[in-house]
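Visitor: Got a predicted structure here, sequence first:
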Amino acid sequence: MTPAAHADPSSAFAALATRARATRTDMLVGIETLGLLCALAVFIWLPDQLALALPFLALAMFGLWGATEHARRAGRDSLPRSLLGALRAIQLLAAVVGTVAALLSGYAVVGRMIGTVVS
């Protein structure tokens with residue numbers, strides 16, 4: 001791990017970005033694949049418990065964002081500008097979907113802890 005990975009990040013997003021940049025590409029692809037497979041398994045076998053798939057979806061989006069960041073940085077000089085723009089758009093989509101999935105996961109946990117409120 002690089003010394004930059006230990007730097008004090010200014011936000012949770014910066015910390016995740018630093019961690020993704022310090023992780024090997026094959027590990028990020030494995031995280032992405034595992035997250036997607038687990039989310040798909042929840043969708044198939046527990047369709048009434050879709051909230052259980054949200055943490056796996058967030059994990060998959062972390063892997064996708066990191067792998068795309070590695071590809072974008074590696075091809076900065078050799079890839080066409082349009083492809084670099086497409087990679088950046090994929091990163092933005094992965095960040096938005098991952099953030100929403102992580103937030104909804106938190107809300108689902110709190111909702112399960114509170115339970116049904118009858119007034």
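Guide: Yes, it's here.

Visitor: Could you use CA atoms for every contact and neighbour count after this?
Guide: Fine.

Visitor: By mean pLDDT, which helix or strand of the chain comes out lowest?
Guide: Least confident element among the helices and strands of the chain, by mean pLDDT, DSSP states H and E: helix 12-22 (a mean of 81).

Visitor: any idea how far the next helix or strand after that helix is from the chain center?
Guide: With elements assigned by DSSP states H and E, the helix or strand that comes after helix 12-22 is helix 25-45. Relative to its parent chain, helix 25-45 has a centroid offset of 11 Å by Cα atoms, centre = their mean, to the nearest Å.

Visitor: Buried residues, helix 25-45. List them.
Guide: By neighbour count on 16 or more other Cα atoms under 10 Å, the buried set for helix 25-45 is 25, 28-29, 31-40, 42-43.

Visitor: swap in stretch 72-89?
Guide: By neighbour count on 16+ other Cα under 10 Å, the buried set for stretch 72-89 is 72, 84, 87, 88.

Visitor: Please, which helix or strand holds the nearest residue to residue 104 once chain neighbours are set aside?
Guide: Excluding its sequence neighbours, the residue lying closest to residue 104 (Cα to Cα, 6 or more residues apart in numbering) is residue 54, at 7.1 Å. In the assignment (DSSP H and E), residue 54 maps to helix 54-74.

Visitor: and the helix or strand residue 99 falls within, average pLDDT?
Guide: Per DSSP H and E, residue 99 falls inside helix 81-114. In this model, helix 81-114 carries a mean pLDDT of 92.

Visitor: Good, wrapping up.
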